[in-house]
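# Here's a sequence, model it:
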Amino acid sequence: MKQRDGESYRPVVSSAHNKSSAVAAVEAALDAGVHPGREELRDAVRALLSELVRRAPGRTVEVRVPPYGAVQCGAGPRHTRGTPPNVVETDPVTWVLLATGRLSWPDALADGRVRASGHRADISAYIPF
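Numbering: from 1, shown residues only. Modelled structure (predicted):
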């Protein structure tokens, strides 16, 4: 198969989180009504944050999921110093629920499980994956 300029030689594959055993383990734990293991939750959060960055490249919004990770994403003005003007912050379980489609953005905001500040902080166009 001949590769054209600018095209990947790799076939289209499913998103990173679909391959993550950590995401699957966290989903299984949540389905069983138990709190996921710390390592699996950490790895799932990081895999899902990586997928967000892949889907929404840029540095306009900072998404924080303490204590496991924080990323910058979204097209627009780049943030470089101090407190970013556009911030999304949530806990690890809520992030997994949002990113996998088990919780909607409006419900998470209404319940106070997500704190979003700034006029570009709405990342609902990029989730769930």
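
# Show the average pLDDT along stretch 115-123.
Taken as a whole, stretch 115-123 carries a mean pLDDT of 95.

# Next, the distance between the ends of it.
Counting by CA to CA, to the nearest Å, you get 12 Å between the two ends of stretch 115-123.

# Mind listing what's buried along it?
Of the residues in stretch 115-123, Ala116, Arg120, Ala121, Ile123 count as buried by neighbour count, 16 or more other CB atoms under 10 Å. In this view, the C-beta of every residue, glycine as well, is placed from N, C-alpha and C.

# Is the second one in a helix, a strand, or coil?
Put plainly, it is Arg120. Recorded secondary structure, Arg120: coil (DSSP: H, G, I helix; E, B strand; the rest coil).

# Hmm, it is touching Val87, no?
No: using CB atoms under 8 Å, Arg120 is not in contact with Val87, being 10.0 Å away.

# Give the residues shared as contacts by those two.
By CB atoms under 8 Å, 6 or more residues apart in numbering, Arg120 and Val87 have these common neighbours: Val61.

# Show me where the protein has its helices.
Remark: helices assigned in the chain by DSSP state H are 16-19, 21-31, 38-55, 92-99, 105-111.

# Against which helices or strands is the longest one packed?
The helices and strands touching helix 38-55, judged by 3 or more CB pairs under 8 Å, 6 or more residues apart in numbering; DSSP states H and E, are helix 16-19, helix 21-31, strand 61-65, strand 69-73, helix 92-99.
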